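Engineer: I would like the atomic coordinates for the input below:
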Amino acid sequence: MKRLVRIATWVGVAVVGTVAIATIALRRGESINAMWLVVAALCSYALGYRFYSKFLAVKLLALDSTRATPAERLENGRDFVPTNKWVVFGHHFAAIAGPGPLVGPVLAAQFGYLPGTLWILAGAVFGGCVQDFVILLFSVRRDGKSLTEMARDEIGRIGGLVAYIAVLCIIIILLGVVALIVVNALKGSPWATFTIAMTIPIALLMGIYLRRLRPGKVLEVSFLGFVLVMLAIWGGQWVAQSSSLSPYFTLAAPTLAILIIVYGFAASALPVWLLLAPRDYLSTFVKLGTIAVLALGIVILRPTLHMPALTRFVDGSGPVFAGNIFPFAFITIACGAISGFHSLISSGTTPKLISRETETRVVGYGAMAAESFVAIMATIAACVLQPGIYFAINSPAGVVGKTAQAATATISAWGFPVSVTDMTSLAQAVGEHTLLNRTGGAPAFAVGMAHIFAQSLGGKLFMAIWYHFAIMFEALFILSILDAGTRVGRFMFQEALSHLWKPLGRTSWYPSVLANSALIAGAWGYFLWQGIKDPLGGINSLWPIFGISNQLLATVAFCVATTIVIKMGKGRFAAVTLVPLAGLVAVTFTASYQKIFSANPRIGFLAHARQLATDSAALPARPPEISRLMFNDRLDAVVTGVLVVLVILIVSESALEWLRVLSGRKLARVREAPIVPSRFAAEEAS
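Structural biologist: Numbers count the residues shown, from 1 in each chain. Presented below is the predicted three-dimensional model:
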């Protein structure tokens, strides 16, 4: 009887999910409510986790709960620490859920709600969740080795060296961009700065409580952390309204940059149980709690999606960014479906905390599904806005016009009515001077989120509070990716330097920890500082290749995963990783080619540089800003080209390795750590 109930339940979930997806995909010319997106997402993730991830766990990976993990075998109290699976889940989710799932879907909404929604669901269930799960398990079975070390061991020395160069360049770019986003989100915002700052001492208290005062009492520390972080959020609003305290937390960009670099170093150097894991677990309360309340509000209120399923900008002429749905919607959404950065966390901090192999399923596959749900919420937040307001917020002044009158006239002429009065009233409601030309996706997400919350919690009088809460919420998301990313970079440096001198690779040797933490924090910190000092320099010059870099990294991860799957003798299941790899190659290589060589100056780096040169030729003297922009375009073209060549080498080397193994010319041998029985399994059995 119980079996029949389970079957009926899952058949019901499948039917409801199918109806929801069909409603999203087939409705034309009439508005739908946002509830359908929530239902489609929840059903898709539930089915994907229950059936597809179980297939991966049993048939492909053969998870073994009796096999000791590196956290157990190599425990050192600093990096390798057996940790409660829900704390690990919180750390992993917080570490992977950065700016991508919040802003990427918002920007991609210029095509309409349909393309982004379908890709987020399919890309996550069959791509992003798979990547995070398999890379995490493979790293656990290799003493927590990084993606680059696994590439060296499994693909070969040449592939490993190329992967190291490519991944190192990409991670410095990604961390520099993320750090700049944090600075821009926190500067001039005492509420956000105070709340984010308070999460650090709260995390230290939680770490000490769980490690020293009340070991194993996860529920107690969870309740304590939840109460304190809620007080920090409330206190942030109070500080922002206090004339005496507000100036102390209203910080300029240079000050914030220094503090963020110092924080990144500390998060990398301190024991993982003291700051990084508890702070990420703490962040997850706010992140998932807010998303859950947002989803509940959508189900109850059923707000209408005012953005059409497909807009006129599917032809590539979009004002938010130029380019066709393929490949640029996939590159822009990135983290909500597949993110290469996740593979660094899955082979960095997280595998060193996993207590049992079986926990990799909920941590790897489950946390990515949760992040994908965040991307669905971001899509809804963008699409519940009137299209005219959406485009007024997200379109740059160079496209729609520099004045409010010009911008609203241009957008209305596209068929999306909006007036100066509309934008003025909205800005006043959220406590901003203007919302015009607030590009980047974050402001539009905050406005959409505030709009939904205001309808259910407090009305329009609370729009400003919810808007600034959303800004703080975004900053909390983004900062979590910075601390874990810095620690992962430290591991990469240590593994590379260990080939020169073994002690440099020991995570238990503190001089190596401090030196390598300073090295990676200094690397991305340099580009951040230059970007703060010069709006056209430092990390600003590499910002346009953020999305492509991230997807190229995912390509590397799937190359490593496919190689290991084939070497395990599971070639019949290789499509699990090979199909997402093929899709990534098609998307990233096409996008890279267009960004370098497209004749459209709004797409191609070189075409834009030529346009700037032509426009400035008639001037008596070329302004320095024009020269810098031309240099940045050419630099982005060169860096993109170099990264693509490196990834082509990795793909080619991987394919040759697959052919050698499958043809029998090379013995299929994986470089796993020796199997040691787990004491945790023995304790449970007794």
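
Engineer: can you pull the contacts of residue 438?
Structural biologist: Residues near residue 438 by C-beta atoms under 8 Å, 6 or more residues apart in numbering: 393, 394, 444. For the C-beta atoms, the positions are set from N, CA and C on the backbone; glycine is no exception.

Engineer: nearest to residue 631, of these?
Structural biologist: Nearest to residue 631 out of those is residue 394 (C-beta to C-beta; 27.0 Å).

Engineer: Just give the closest residue to the closest one, not the sequence neighbours.
Structural biologist: Closest residue to residue 394 apart from its sequence neighbours, by C-beta to C-beta, 6 or more residues apart in numbering: residue 320 at 4.8 Å.

Engineer: which residues touch stretch 162-175?
Structural biologist: The set of residues external to stretch 162-175 that reach it, using C-beta under 8 Å, 6+ apart, is 147-148, 151-152, 155, 264, 340-341, 344, 482, 485-486, 488-489, 492, 496, 523-524, 527, 539, 542, 545-546, 549-550, 552-553, 556, 560, 639, 642-643, 646-647, 649-650, 653.

Engineer: what comes up buried for it?
Structural biologist: Using 16 or more other C-beta atoms under 10 Å as the test for burial, stretch 162-175 gives 162-164, 166-175.

Engineer: Reformat those residues as JSON lines; add pLDDT and secondary structure.
Structural biologist: Shown next, in JSON lines, are these (pLDDT from 0 to 100; DSSP: H, G, I helix; E, B strand; the rest coil):
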{"residue": "162", "pLDDT": "83", "secondary structure": "helix"}
{"residue": "163", "pLDDT": "83", "secondary structure": "helix"}
{"residue": "164", "pLDDT": "85", "secondary structure": "helix"}
{"residue": "166", "pLDDT": "82", "secondary structure": "helix"}
{"residue": "167", "pLDDT": "82", "secondary structure": "helix"}
{"residue": "168", "pLDDT": "84", "secondary structure": "helix"}
{"residue": "169", "pLDDT": "83", "secondary structure": "helix"}
{"residue": "170", "pLDDT": "80", "secondary structure": "helix"}
{"residue": "171", "pLDDT": "86", "secondary structure": "helix"}
{"residue": "172", "pLDDT": "87", "secondary structure": "helix"}
{"residue": "173", "pLDDT": "84", "secondary structure": "helix"}
{"residue": "174", "pLDDT": "81", "secondary structure": "helix"}
{"residue": "175", "pLDDT": "86", "secondary structure": "helix"}
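
Engineer: Dump these into TSV; add distance to residue 478 as well.
Structural biologist: Putting those into TSV (distance: C-beta to C-beta, whole Å) gives the following:
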residue	distance to residue 478
162	30
163	26
164	26
166	24
167	21
168	21
169	21
170	18
171	16
172	17
173	15
174	12
175	11
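
Engineer: if we take these, which one ends up nearest to residue 612?
Structural biologist: Checking these against residue 612 by C-beta to C-beta gives residue 173 as the nearest, at 22.9 Å.

Engineer: Skipping its backbone neighbours, what lies nearest residue 81 in space?
Structural biologist: Nearest one to residue 81, counting by C-beta to C-beta, 6+ apart, is residue 273 at 5.1 Å.

Engineer: Contacts only, for that neighbour.
Structural biologist: 77, 81, 83, 207, 210, 211.

Engineer: any idea how far residue 127 lies from residue 447?
Structural biologist: 30 Å (C-beta to C-beta, to the nearest Å).

Engineer: Quick check: the residue nearest to residue 394 touching residue 439?
Structural biologist: Yes - counting by C-beta atoms under 8 Å, a contact exists between residue 320 and residue 439, whose distance comes to 7.5 Å.

Engineer: Comparing the two, which residue is more hemmed in?
Structural biologist: residue 320 (23 against 17; other C-beta atoms under 10 Å).

Engineer: hang on, the more buried one in a helix?
Structural biologist: No - using DSSP: H, G, I helix; E, B strand; the rest coil, the assignment for residue 320 is coil, not a helix.

Engineer: and it, what pLDDT?
Structural biologist: With respect to pLDDT, residue 320 has a value of 91.

Engineer: so where's this protein uncertain?
Structural biologist: Along the chain, segments meeting pLDDT under 70 span 456-461, 477, 505, 507-508, 536-538, 682-686.

Engineer: List the contacts of residue 585.
Structural biologist: Per C-beta under 8 Å, 6+ apart, neighbours of residue 585: 555, 651.

Engineer: whoops, residue 46 was the one
Structural biologist: Residue 46 touches 13, 17, counting by C-beta under 8 Å, 6+ apart.

Engineer: Which ones among the contacts of residue 438 lie within helices?
Structural biologist: Under the assignment DSSP state H, the contacts of residue 438 contribute 393, 394, 444 to helices.

Engineer: Buried members of those residues into ChimeraX, please.
Structural biologist: Those of these that count as buried under 16+ other C-beta under 10 Å are selected in ChimeraX with:
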select :393,394,444
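
Engineer: Of the ones in helices among the contacts of residue 438, just say which sits nearest to residue 503.
Structural biologist: Checking these against residue 503 with C-beta to C-beta, the nearest one is residue 444 at 49.7 Å.

Engineer: is it true that the closest one touches residue 394?
Structural biologist: Yes - Residue 444 is within contact range of residue 394, at 5.4 Å (criterion: C-beta under 8 Å).

Engineer: re earlier: just the buried residues out of the contacts of stretch 162-175, in PyMOL syntax.
Structural biologist: In PyMOL syntax, the buried subset of the contacts of stretch 162-175 is picked out as below (16+ other C-beta under 10 Å):
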select buried, resi 147+148+151+152+155+264+340+341+344+482+485+486+488+489+492+496+523+524+527+539+542+545+546+549+550+552+553+556+560+639+643+646+647+649+650+653
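
Engineer: from the contacts of stretch 162-175, which ones fall inside helices?
Structural biologist: Among these, the ones falling in helices (DSSP H) are 147-148, 151-152, 264, 340-341, 344, 482, 485-486, 488-489, 492, 496, 523-524, 527, 546, 549-550, 552-553, 556, 560, 639, 642-643, 646-647, 649-650, 653.

Engineer: Now which of the contacts of residue 273 would you call buried?
Structural biologist: For those, a burial check counting by 16+ other C-beta under 10 Å picks out 81, 83, 207, 210, 211.

Engineer: Pretty sure the last one sits against residue 274.
Structural biologist: Yes - here residue 211 lies in contact with residue 274, judged by C-beta under 8 Å, at a distance of 7.4 Å.
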